[in-house]
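>>> for reference, the sequence and a predicted model appear below.
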Amino acid sequence: MRARRLELSLLVLGTVITVIAYGLLNAGETADIRAEIAIFFAIILVLLIGAHVVIRYTAPNADGLLLPLAALLNGLGYVVIARLDDGLAASQSAWTFIGIGAFAVTLLVVRDLRWVANYRYTLAVFGVGLLMLPLIPGLGVNINGARIWLRVGPFSIQPGEFAKIVLAAFLAGYLVEKRELLAISNHRLGPLNIPDLRHFGPLLLAWGVALMVMILQRDLGSSLLFFTLFIVMIYVATARTAYVVTGLLLFTAGSFISWQLFSHVQTRVDIWFDPFADPKGAGFQIVEAWFALADGGITGTGLGSGLPNKIPFAPTDMIFAAIGEELGLLGATAVLAAFMFFVSSGFRVASSTTVVFEKLLAVGLTALLGFQAFIIIGGVLRVLPLTGVTLPYVSYGGSSLISNYIVLALLVRISDSTPPSRAAPAADARVTTVI
Amino acid sequence: MDRSFRHVIFVLLGCFTLLFVQLNRVQIFEAAALQDNGSNTRTIQREFDQLRGEIRTRDGVVVASSEPAGPDSPFQFQRLYPEGELYAHSVGYVSFTVGAEGVERTYNAEILGDTPSQQLSDLTSLLDEDARSGSITLTLDHDLQRVAQEALGERVGSVVAMDPRTGAVLALWSYPSFDPNLVAANNSTEANAARAELLEAPGNPLRARSYRDTAFPGSTFKVITAAAALETPDRGITATEPVFETTTEYLHPLTTRPITNFGGRPCGGNLTDLLVQSCNTSFALIAAEILGPAVMVNQAEAAGFNSVPPFDLPGGVASVFPAAETFGARVAAPTPEVPAGVFENSPLLAQAAIGQFDVQATPLQMALMIAGVANDGIIPTPHILAEVADANGRVVRRNEPDPWRMSMREDNARSLQQALITAAQEGGGNTAAVPGLVVGVKTGTAQHGTDPPLSNAWIVGFAGLPDEDIELAVAVLVEDLPDPGDQTGGRIAGPIARQLFEEYFSGRI
C-alpha cells in the first residue's frame, strides 16, 4: 500500500500545481484571482481522488506514479487550453471527466488481461475496422486535410485514437504466440534471413492494411506512430535486430515513395528543412511556434502574459509551443521530464510482469504514448517534420484524452496483476497447498 | 526479451534528450535572432495590446485616445483620433498595418508609459505591465490649429505658428490632410485600402507638407539677405544707409538676363525701404556685388538652411541654399565698387538672394527663420511635446526651451524687426496688420511653372503686444495658385497670418 500513499500525495501535489497555475493564469490575465478557484480545486481533487479510490479497490498493488503523472499533464494542459480559449476549456473539462470515467470503468471491467490475447484476430479486424470508419462516405469528415474524423451528432470522434490501443493489443497477442517462430529464420533472401511467411504473413497484412489506411487518410503522424509501434513490439518480442534494420529500410523506401507521390508530404519536408522560406505561408505554423518559444526564453512570459494565440493550432498540435512561451524552458522541460517519468514507469510495469502478453502490451502502450509525445514535440521543435498528432493528456481533444486514459487504466491494471513483491509469496502459498 | 526491451527504453530516452537539446537551442541560443526576425510581429503585437495613453493639446483637447476594441479585433484596443484630419500631420497615427507617424511615432515609448521616468513615478506600472500607460501634452493650441485650418481653407499649403521665445509649435497644418482613423483601423484590410486610396489621392494628403516639403521661398528670403548685409558691417550697409539707387532692373555684367521688380516697378532706398518695397533689383545687387557667395551661404546656414531642424516629429527635411562652390571661381578681385568680387556664377547668386534659383525652404524653416528675428537673433529648437505624464496623469517631464542656433546679433535682429513692422504697415504685407498689435511681416510670391504659370504665396511674420516680447511667429505658404500676375503673398497669405494673430491675441487686444 506504499504505492497508494505515494499516489495520493502525488495527486494532491499535482492538483496543487494545477490550481496554482490556474490562479496565476487568472492573475496574469486580469490581475485578480477569481473566487471559483476553490471550486476548481475541489472538482479536480474529487475527480482524482475518485480515480485513486477505484485503483485502491480494483488494483491495490498498482504502480503509484502513472496516475499522478497523467493528472499533472492533464491539469497543466487544461490550464494552457483555458488560457487559449474558454470554450475549448469547457469542453476539455467535460472530456477530462469522461476520460477519468473511462479510466475507472476500464479498471472495474477489465480485471484480467490475459484472455485478451485469445481474441487477437478479432482485435486485428476490429482495429483496422475502426481505422477505416472515417473513409465511409457520409460518416467520415475531412478536417484540416485529414480524413480521420467521425461526425456523431454534435461530436467529432477520432476512431484512430482507439484503434491504436486495439492494434497494440493485437500485436501483443499475436507476438506472444508467434515470437519464437518469428525469431527463427528458415529462409534466406540474399543477405537477409526471413522468417516463415506463414507466421509473418498475418502480421504483415494487418500492419500493411493499417498503414495504407492512415496514408489514404493523410494522417502522417499516426502512420509514423503505428510504424514505430510495430518495429518496437516485434523487436522486443524477437530480439532480432534484422527486423529493425528491415523496418528502417522499408521506412526509408516508404518515405521516399510518399515524398515522390504526395505533394502534401513534399510540403511537410520542405517546411521541415526551411520553415523561414515561406514564413507567412507554408512555414507559418512552425515559424510562429518558434517565435513563441523564443519569447518564452528560460522562465517564460508567465501564464496569461504571452501571445500564444498567435500560434496556429495552439490548443492541439502546438500546445507544447504555448507551454514553452508562457512557462519557458523550465516549464517545457518539466513537461518533457513528466513524459520521461511516465515512459520509465510504463517500462517498469512491463519489466515487472512475468506474463509475456502483458509485458508486450505494456511495452506497446508505453511506446505509443512516448513516441506520440516525441513525434509531436519533435515536430514543433523541427527534430522531425511536423505531423499532426496530439500531445498525450496535454492537448485539447476528447478522443485523444479518453483513449489515453484507457491506456493509463491498462498500464495500471498490468502493474497490479503481478507485482514483484506479491508474486513470490503467492507462488509459495500455491506450492504449500499442493503439498 | 529484456535486452531488446532495454534498447527500446534507451532509444526513447535518447529521443527525449534530443528534444531537450533542441528546446535549449530554440529558447536560449537562437531566441534573440528569432525575436529580431523580420517576420516576427510579436513585439509590435505586444505594443498594440498595451494601453496607449491620451495625447492632448496644450488647451486640453484630446486628439488621440484608445478604447477597448470590438470582439473581432486582433488587438485589445482601437486607437481613435477624435479631431480627424486636423492633427493628421502632427499627431499622426499608429497602425499595425500601415506603421506609425508623427507624435505617435516619436513619442511611442512615452505614450505607452515605457520610459524609466514614468515607471519610477508610478511603481505599480514597473511591476505590472498591464497597468503601464502614459500620456502626453502637446504644445499645439487647438483654437489656433482650427483657425489655421479654416483660414487656409481648401487651398494646398501649410501654416506653421510657434512661440519664438521657446520654439513651442502652436499650430502645424497643411492641406490636403486625411482622417488618421482610416489608416489606424485595427482591421488590416480596411487600413490597407484606406492607405492605398490616400496614396492615389490628388495632392498627396498623407504628406506633411509643413515640414517635409520644400518650395522656393521667394521674397521671404530677402530677410536673410538683409540679415547677411547687417551681419557683415565691413560692407557698410545699415538699416538706414546707404540709399540704393531706384531702378527697374538689375543686370549683372556676366549675364544678359536682367532681374526686374514685380510688375516692372522701380524701387530703391535704404535697407528698410528695400524690405518694405520687396525690391528685387537692390537685393540682387547687394548679394552679387557687395556680399558675395560666402557671406550669403553663411547667413542662410545661420538661419537654419542646409540642416534638418531638430524638430521632434519624424522625417523632417533640410531647406536648401546652394553651396558656395555653386557660384563658381572668382573671376575678379574685390574692388571698392564690387566689394564681394565677381564669381563665374554671380548672376545666380543674385537670384538666390531673392529666394529663386536653387533655394528651397520648408514652411517650418521659414517659421524658424522669422522666429530667430523675433527672438532677437536666437532661433529656438522647435518642438511639439510639452509634457509627459505617467499612468496616473502625474507630469514626469516638461520640455525645456533650448536655443537651436544664433542667426544674427541682437541689434541687427531689432533693426530687422523694425523694418518688417514698417513693411506690415506700408508694404504689401499690410493685409496681416492687426490694430493694437505690433506686427512685422515679409511677403513673398514665387512663380513657378510656365504652362500654366503658377505661383506660391508666402508670408512670414511675427506679432506681439506693444512694449512686450514678441509672442508669435508664423509662416504661411499657399501653393500652386493660378498666377494672376500680382503679389499674391500679401493678398492671399497675408489674411491667413492676420487671422492667426487675431486668434492668438484674442481677449488681450
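Yep, that arrived.
>>> switch to C-alpha atoms for all contacts and neighbour counts from now on
Fine.
>>> identify the residue spatially nearest to residue B:385, adjacent ones excluded.
Excluding the flanking residues, the one nearest residue B:385 by CA to CA, 6 or more residues apart in numbering or on different chains is residue B:138, at 4.6 Å.
>>> what's the burial count for that neighbour?
If you count neighbours by other CA atoms under 10 Å in any protein chain shown, residue B:138 ends up with 26.
>>> gap between it and residue B:167?
12 Å (CA to CA, to the nearest Å).
>>> equivalent analysis for residue A:339, please.
Noted for residue A:339: a distance of 66 Å to residue B:167, by CA to CA.
>>> ok, now residue B:279?
30 Å.
>>> which one's more surrounded, the two?
residue B:167 (29 against 26).
>>> so the more buried one touches residue B:383, yeah?
Yes. Counting by CA atoms under 8 Å, residue B:383 is a contact partner of residue B:167 at 6.0 Å.
>>> report the longest helix in the chain, please.
Using chain A here. helix A:319-352 (DSSP state H).
>>> not what I meant, chain B
Scanning chain B for the helix with the most residues, using DSSP H, yields helix B:2-24.
>>> after it, next one along is what?
Using DSSP states H and E, the helix or strand that follows helix B:2-24 towards the C-terminus is helix B:31-36.
>>> which helices and strands does that following helix pack with?
helix A:284-296 (3 or more CA pairs under 8 Å, 6 or more residues apart in numbering or on different chains; DSSP states H and E).
>>> the longest helix of chain B to helix A:284-296, inter-axis angle?
Put simply, helix B:2-24 runs at 70 degrees to helix A:284-296, going by axes from the mean of the first three to the mean of the last three CA atoms, to 10 degrees.
>>> and helix B:2-24, what does it pack against?
helix A:220-238, helix A:319-352, helix A:356-380.
>>> out of these, which gets nearest to chain B?
Set against chain B and scored by CA to the nearest CA, these come closest in helix A:220-238, at 5.0 Å.
>>> mind listing what's buried along the next helix or strand after that closest one?
Note on helix A:220-238: by DSSP H and E, the next helix or strand toward the C-terminus is helix A:241-261. Buried residues in helix A:241-261, counted by 16 or more other CA atoms under 10 Å in any protein chain shown: A:243-244, A:247, A:259.
>>> going by distance to residue A:226, which of the residues you listed wins?
residue A:247 (12.1 Å; CA to CA).
>>> near chain A, which residues of the stretch 1-150 of chain B?
B:1-5, B:8-9, B:12-13, B:15-16, B:18-20, B:22-24, B:26-28, B:30-32, B:34-35, B:39-40, B:42, B:46 (CA under 8 Å from any CA of the partner chain).
>>> among those residues, the buried ones, what's the ChimeraX command?
Here is the ChimeraX selection string for the buried members of these, based on 16+ other CA under 10 Å:
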select /B:4,5,8,9,12,13,15,16,19,20,22,23,24,26,27,28,30,31,34,35,39,40,42
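>>> of all of the stretch 301-450 of chain B, which residue lies closest to chain A?
residue B:391 (16.4 Å).
>>> ok, that residue to residue B:117 distance?
Distance from residue B:391 to residue B:117, counting by CA to CA: 11 Å.
>>> out of these two, which sits in the busier spot?
residue B:391 (23 against 16).
>>> just the element for that one, please.
Take DSSP H and E as the rule and residue B:391 turns out to sit in neither a helix nor a strand.
>>> model confidence for it, exactly?
Looking at residue B:391, its pLDDT is 85.
>>> then residue B:142?
Taking residue B:142 on its own, its pLDDT is 97.
>>> ditto for residue A:291
94.
>>> got a list of what the nearest residue in space to it that is not next to it in sequence touches?
Nearest residue to residue A:291 in three dimensions, chain neighbours excluded: residue B:34, at 5.9 Å (CA to CA, 6+ apart). With contacts defined as CA atoms under 8 Å, 6 or more residues apart in numbering or on different chains, residue B:34 is in contact with A:290-291, A:294, B:40.
>>> of those, buried ones?
Of those, these count as buried by 16+ other CA under 10 Å: A:290-291, A:294, B:40.
>>> just these now: which is nearest residue A:363?
residue A:290 (32.7 Å).
>>> for that closest one, give its distance to residue A:375.
Relative to residue A:375, and taking CA to CA, residue A:290 is found at 17 Å.
>>> for residue B:470, same thing?
76 Å.
>>> between the two, which is the more surrounded one?
residue A:375 (27 against 24).
>>> and stretch B:461-481, how far from the chain's centre?
On the basis of CA atoms, centre = their mean, to the nearest Å, stretch B:461-481 sits 15 Å off its chain's mean C-alpha point.
>>> same question, stretch A:394-402
Worked out by CA atoms, centre = their mean, stretch A:394-402 lies 10 Å from the chain centre.
>>> now the terminal residues of that stretch, how far apart.
Termini of stretch A:394-402 sit 12 Å apart (CA to CA).
>>> what comes up buried for it?
For stretch A:394-402, by 16+ other CA under 10 Å, it's A:394-402.
>>> just the residues contacting it, thanks.
A:73-78, A:81, A:88, A:92, A:95-96, A:98-100, A:102-103, A:157-159, A:161-162, A:315-317, A:319, A:390, A:392-393.
>>> strands of the stretch 151-300 of chain B, start to end?
Using DSSP state E, counting those that start in this stretch, the strands of the stretch 151-300 of chain B run over B:157-162, B:169-175, B:244-247, B:249-250, B:259-260, B:267-269.
>>> could I get those as CSV with distance to chain A, mean pLDDT and mean neighbour count?
Formatted as CSV, these follow (distance: least, CA to the nearest CA, whole Å; pLDDT from 0 to 100; neighbours: other CA atoms under 10 Å in any protein chain shown):
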stretch, distance to chain A, mean pLDDT, mean neighbour count
strand B:157-162, 41, 97, 29
strand B:169-175, 38, 96, 28
strand B:244-247, 71, 92, 16
strand B:249-250, 66, 91, 19
strand B:259-260, 61, 90, 20
strand B:267-269, 69, 92, 21
